[in-house]
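K.L.:
below is the sequence, then the predicted model.
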Amino acid sequence: MAGSNPTSSGYIQHHLQNLTFGYHPDNGLSFAHNAQQAADMGFWAIHVDTMLWSIICGVVFLFVFRKAAKAASTGVPSGLQNMVEMLVEFVDSSVKETFHGKSKLIAPLSLTIFCWIFLMNLLDLVPVDWIPELAKRIGTDFFGADPHHVFFRIVPTTDINATFGMSLSVFALIIYYSIRMKGLSGFIGELTLHPFSSSNKLAQLILIPVNLLLELVTLLAKPVSLALRLFGNLYAGELIFILIALLGLWQLPLHFAWATFHILIIVLQAFIFMMLTIVYLSQASEEH
Amino acid sequence: MNLNLTIIGQSIAFAVFVWFCMKYVWPPVTKALYERQKKIEDGLNAASHAEQKLEEANQQAEQTLRESRDEAAKILEQARTRSNQMIEEAREQARAEGERMVANARSEIEQEINRAKEDLRSQVSALAIAGAERVLESSVDEQSHREMLNKLAAEL
């Protein structure tokens, strides 16, 4: 498996590098040929593989669910429709248990988060060399690229950009809901008048910066923890798959064992991301 | 591991997916679920309603049965009383008829006896006169002796 790469560390590094497209100071608009070039591109670069696979996952999710939604009837559901309805009911009950306000957005948002993350995580179970190897063939045969320059990571959730993309969207929703439900002054009051308050005006004035600091940390910890939890779990999982792939024949039972265990992580992380989103949004829209 | 434009790309993709899901996936599915729930509820209600109706019908049937049984018993009782009464009447009639017939027979016999006595009496008196004529060899004045003869006949 590691045959085309000289060393194990090279193999691992190759597997952990995204296919980056962006503006390089020396090469112009191009694919990065190594990690250094990708770093040089700075912010204005895009991980083509992450975007491609996450969009594929999202489209698969929406295609399947749209098909079931079109066929939805009051009759006896079967097969695919049954599965879709089960998921919808599961998400719906989770939302109703936690989020007490009324919102047309929260439930579909949660469903999208759960299914999308689950599908993206699921790609982690595809043996680590299959699709990168295919990409390498296509890259070298059709585009004349150097095999060492073709990077391809198929699991979007092992890319911190993908997880932060979602968690920052959720963060924006948290702020939106906070302001919509409590008003701008209510939101600012929540940030500055908790947890310490005093009836003495002067003491209160001194406590405001302390409160603001504490509450800002709490607020900012939400998207950061949300993104890093998912990223960390999946990144570690993939790293272990890569390490197992280095073992030669022994990788077969080990891969099987880890993949079996990883199924649990995949579903669990998708569920946690969804649940925490619901919890954060319900906190945002409730008065303390 | 670099943070780059992918964040924004992912956010946009995420927003689009959520929008699509909210617009085209969630409403029809939840609507179907709700409608099915309602249908099942209606079905269950109809079933319990039908059960109740069956219960009512059973009760009514039982009541009708009980009533008709009671009526039959009553009719039977009436018939029995009536027949007893008829038998009693017939018996009474028969007894009266019998008594009447016995009384008739008795009076007829009485009459017969009396007539026979009368006959005998008149014959005896004639015989006595004849015997007395024979004895006296003379005719007896019937007229003069009639009173005596009648007295004699009465003693017989």
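P.N.:
Thanks, I have the structure now. Numbers count the residues shown, from 1 in each chain, chains lettered A, B, ... in the order given.
K.L.:
does residue A:42 sit in a helix, a strand or a coil?
P.N.:
coil (DSSP: H, G, I helix; E, B strand; the rest coil).
K.L.:
name the single longest helix found in chain A.
P.N.:
helix A:201-245 (DSSP state H).
K.L.:
mean confidence for that one?
P.N.:
Mean per-residue pLDDT for helix A:201-245: 91.
K.L.:
which pLDDT value goes with residue A:69?
P.N.:
pLDDT for residue A:69: 89.
K.L.:
give me the helices and strands touching the host helix or strand of it, please.
P.N.:
Remark: residue A:69 resides in helix A:48-71, with elements defined by DSSP states H and E. For helix A:48-71, the elements it packs on are helix A:80-98, helix A:106-122, helix A:160-192, helix B:6-20, helix B:26-136, judged by 3 or more CB pairs under 8 Å, 6 or more residues apart in numbering or on different chains; DSSP states H and E. Just so you know, the C-beta spots here come from the backbone N, C-alpha and C atoms, and that holds for glycine as well.
K.L.:
check what pLDDT the residue nearest in space to the middle of chain B gets.
P.N.:
Centrality entry for chain B: nearest residue to the mean C-alpha point is residue B:75, 2.0 Å, by CA atoms, centre = their mean. If you check residue B:75, the pLDDT there is 96.
K.L.:
quick one on the thing from earlier: how about the helices and strands packed on helix A:48-71, which one is nearest residue A:26?
P.N.:
With CB to CB as the criterion, residue A:26 lies closest to helix B:6-20 of the helices and strands packed on helix A:48-71, at 21.7 Å.
K.L.:
what is the burial count for residue B:56?
P.N.:
Residue B:56 is flanked by 10 other residues according to other CB atoms under 10 Å in any protein chain shown.
K.L.:
for the helix holding residue A:69, C-alpha coordinates in CSV please.
P.N.:
What follows is helix A:48-71, C-alpha atoms only, in CSV (Å, rounded to 0.1, in the frame of the first residue of the first chain):
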residue,chain,number,x,y,z
VAL,A,48,-11.4,20.9,-3.7
ASP,A,49,-11.7,17.4,-2.3
THR,A,50,-13.5,18.5,0.9
MET,A,51,-16.0,20.6,-1.1
LEU,A,52,-16.6,17.9,-3.7
TRP,A,53,-17.3,15.1,-1.2
SER,A,54,-19.3,17.2,1.2
ILE,A,55,-21.5,18.4,-1.7
ILE,A,56,-21.8,14.8,-2.9
CYS,A,57,-22.9,13.8,0.5
GLY,A,58,-25.4,16.6,0.8
VAL,A,59,-26.8,16.0,-2.6
VAL,A,60,-27.2,12.2,-1.9
PHE,A,61,-28.9,13.1,1.4
LEU,A,62,-31.3,15.6,-0.2
PHE,A,63,-31.9,13.4,-3.2
VAL,A,64,-32.9,10.4,-1.1
PHE,A,65,-35.0,12.4,1.3
ARG,A,66,-36.7,14.4,-1.5
LYS,A,67,-37.6,11.2,-3.3
ALA,A,68,-39.1,9.8,-0.1
ALA,A,69,-40.9,13.1,0.6
LYS,A,70,-42.4,13.1,-2.9
ALA,A,71,-43.7,9.6,-2.4
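K.L.:
avg pLDDT for stretch B:108-128?
P.N.:
Average pLDDT, stretch B:108-128: 89.
K.L.:
angle of the helix holding residue A:69 against helix A:160-192?
P.N.:
Using axes from the mean of the first three to the mean of the last three CA atoms, to 10 degrees, the direction of helix A:48-71 lies 80 degrees away from that of helix A:160-192.
K.L.:
does any part of the host helix or strand of residue A:252 sit near chain B?
P.N.:
Residue A:252 belongs to helix A:251-284 when assigned by DSSP H and E. No - between helix A:251-284 and chain B, judged by CB under 8 Å from any CB of the partner chain, nothing touches; the nearest distance is 10.9 Å.
K.L.:
so what does that helix touch, helix or strand wise?
P.N.:
Other helices and strands packing on helix A:251-284, by 3+ CB pairs under 8 Å, 6+ apart, are helix A:80-98, helix A:106-122, helix A:160-192, helix A:201-245.
K.L.:
where does pLDDT dip in chain A?
P.N.:
Residues of chain A that meet the criterion pLDDT under 70 lie in A:1-6, A:287-288.
K.L.:
kindly apply the preceding question to chain B instead.
P.N.:
Flagging of chain B using pLDDT under 70 yields the residue ranges B:1, B:138-144, B:156.
K.L.:
show me what residue of chain B gets nearest to chain A.
P.N.:
Taking CB to the nearest CB, chain A has its nearest neighbour within chain B at residue B:10, 2.7 Å off.
K.L.:
give the contact list for that residue.
P.N.:
Residues in contact with residue B:10 (CB atoms under 8 Å, 6 or more residues apart in numbering or on different chains) are A:50, A:51, A:54, A:156, A:161, A:162, A:164, A:165, A:166.
K.L.:
give me that answer again for 7 Å
P.N.:
Residues in contact with residue B:10 (CB atoms under 7 Å, 6 or more residues apart in numbering or on different chains) are A:54, A:161, A:162, A:165, A:166.
K.L.:
what about the third one, how many residues nearby?
P.N.:
For residue A:162, the neighbour count with other CB under 10 Å is 31.
K.L.:
does it touch residue A:50 like I think?
P.N.:
Yes - the pair residue A:162 / residue A:50 is scored as a contact, 5.4 Å apart, by CB atoms under 7 Å.
K.L.:
common neighbours of the two, please.
P.N.:
By CB under 7 Å, 6+ apart, the residues touching both residue A:162 and residue A:50 are A:156, B:6.
K.L.:
could you find the closest non-adjacent residue to the closest residue to chain B within the stretch 151-288 of chain A?
P.N.:
Nearest to chain B in the stretch 151-288 of chain A, going by CB to the nearest CB, is residue A:165, at a distance of 2.7 Å. Take residue A:165 and drop its neighbours on the chain: the residue closest to it by CB to CB, 6 or more residues apart in numbering or on different chains is residue B:10, 2.7 Å away.
K.L.:
residue A:214 too?
P.N.:
Excluding its sequence neighbours, the residue lying closest to residue A:214 (CB to CB, 6+ apart) is residue A:195, at 6.8 Å.
K.L.:
what about the one you found, how many neighbours?
P.N.:
Residues contacting residue A:195 under the criterion other CB under 10 Å number 11.
K.L.:
which element is it on?
P.N.:
Here residue A:195 sits in a region with no helix or strand, counting by DSSP H and E.
K.L.:
residue A:46 in helix, strand or coil?
P.N.:
Going by three-state DSSP: residue A:46 is strand.
K.L.:
likewise for residue A:73?
P.N.:
With three-state DSSP as the basis, residue A:73 sits in coil.
K.L.:
what sits against it?
P.N.:
For residue A:73, the contacting residues are residue B:32, by CB under 7 Å, 6+ apart.
K.L.:
need phi/psi at it.
P.N.:
Here is the backbone geometry of residue A:73 (degrees, to the nearest 10): phi -140, psi 180.
K.L.:
count of residues packed around residue 64?
P.N.:
In the absence of a named chain, this looks at chain A. Applying other CB under 10 Å, we find 16 residues neighbouring residue A:64.
K.L.:
please refer instead to chain B.
P.N.:
As a burial measure, residue B:64 scores 10 neighbours (other CB under 10 Å).
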